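J.: below is the sequence, then the predicted model.
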Amino acid sequence: MKRQNDQPKMRVSFDLDEVLFVSSETHKTEPELRFPYNRIYKERLRLGAPELINRLQELGYEVWVYTSSFRTDKYIKGLFKKYGVKFDGIVNAERHLKEVQKNRSTTLPQKVPSWYHISLHVDDESVICSAGRQYGFDTYQLEAQDDDWKEKVIEKAALVKKKWLARQ
């Protein structure tokens, strides 16, 4: 008999640039890190990002980063640790090229979250969000500043989880 804790967790991933990392000139952001960390980690986090990631994990989701940038795992983990966040997985451009694109003659999209069993991917790029239907993952397209973005992502995750549980 399977116990509740043995159930696989649904995975949600976030892009970094223009999703979790935003400009303080166009978006509300988390407070800047204190010296010397603000010299090491220059990116600013979208206001509410740490709270949302931690809340999703409390709700039983695995939370990943899936980015087309070449930032290292160490850098990403280090920055988010300063905000009290620990990701369940990280896919950067290097890992994507090595594990997903490999030696394929056909160029795949920059991100294929379904390769990592990610059911919901949050991104700002419409081309990535459009690829979701073809490559088997749901998306939430995050656009400009939105004070209700956290609630909308949690709501979308709940809808995707219903579909995901029905397939389990």
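T.: On my side now, so go ahead. Numbers count the residues shown, from 1 in each chain.

J.: tell me which residues touch Tyr37, please.
T.: Lys82 (Cβ atoms under 8 Å, 6 or more residues apart in numbering). Bear in mind the C-beta positions are built from the backbone N, C-alpha and C, glycine included.

J.: show the pLDDT at it.
T.: Listed pLDDT for Tyr37 reads 96.

J.: could you list the low-pLDDT ranges of this structure?
T.: Along the chain, the parts satisfying pLDDT under 70 run over 1-7.

J.: which parts of the chain are helices?
T.: Along the chain, the stretches classed as helices by DSSP state H are 37-40, 49-58, 73-81, 93-96, 126-135, 149-167.

J.: please work out which of these is packed deepest.
T.: helix 49-58 (a mean of 18; mean count of other Cβ atoms under 10 Å).

J.: run the angle between that one and helix 149-167 for me.
T.: 20 degrees (axes from the mean of the first three to the mean of the last three Cα atoms, to 10 degrees).

J.: by contact count, what packs against helix 49-58?
T.: strand 62-66, helix 149-167 (3 or more Cβ pairs under 8 Å, 6 or more residues apart in numbering; DSSP states H and E).
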